[in-house]
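Chemist: A predicted structure for the sequence below; I have some questions about it.
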Amino acid sequence: IAAGAFVRSIDELKELPLKSVKGQVLELAWPDALPSLPCALNSHVYILMKPSKASCLVGATYEKEFANASFDLETARQEILPKTALMLPPLS
């Protein structure tokens, strides 16, 4: 069941043995010297241009263990940025 972060608030699902997974994304400024992507890239991370073409979304983390559902910028950076730089070095 992929019903989102608050799946346990659905009465019918409260008793199911569900495991939560946390996913985070980062928004990065797009380098002026780099042409925008005509389509999304997907490998160990994905890179998706925002409609404005001024930034992109990269992600995502796949966290099976986490202290809370709030964003954790440092974890997101550590997991996403090295893979992003390997796939598209100008974004490093």
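Modeler: Thanks, I have the structure now.

Chemist: wait, isn't residue 66 in contact with residue 72?
Modeler: Yes: counting by CB atoms under 8 Å, residue 66 touches residue 72, with 7.3 Å between them. Where you see a C-beta, it was placed from the backbone N, CA and C, and this is true even at glycine.

Chemist: Looking at the two, which is more packed in?
Modeler: More neighbours surround residue 72 than the other of residue 66 and residue 72, with 17 against 14 (other CB atoms under 10 Å).

Chemist: how close does the more buried one sit to residue 79?
Modeler: Distance check for residue 72 against residue 79: by CB to CB, to the nearest Å, it reads 10 Å.

Chemist: Over to residue 42?
Modeler: Where residue 79 is concerned, residue 42 sits at a distance of 16 Å (CB to CB).

Chemist: re the thing from before, any shared contact partners between residue 72 and residue 79?
Modeler: Common contacts of residue 72 and residue 79, defined by CB atoms under 8 Å, 6 or more residues apart in numbering, comprise residue 24.

Chemist: Quick check: which ranges of the chain have low pLDDT?
Modeler: Low-confidence segments of the chain (pLDDT under 70): 1-2.

Chemist: mind redoing it with 80?
Modeler: 1-6, 8 (pLDDT under 80).

Chemist: What are the boundaries of the helices in it?
Modeler: Here the chain has its helices, by DSSP state H, at 73-87.

Chemist: What's the local residue count around the nearest residue to residue 75 once chain neighbours are set aside?
Modeler: Residue nearest to residue 75 in three dimensions, not counting chain neighbours: residue 61, with 6.5 Å by CB to CB, 6 or more residues apart in numbering. Residue 61 has 20 neighbours, counted by other CB under 10 Å.

Chemist: give me phi/psi at residue 61?
Modeler: The phi and psi values for residue 61, taken as degrees, to the nearest 10, are phi -70, psi 160.

Chemist: Looks like it contacts residue 77 (just checking).
Modeler: No: counting by CB under 8 Å, residue 61 stays clear of residue 77, with 9.8 Å between them.

Chemist: List the beta-bridge partners for residue 26.
Modeler: On the basis of DSSP bridges, residue 26 is bridged to residue 58.
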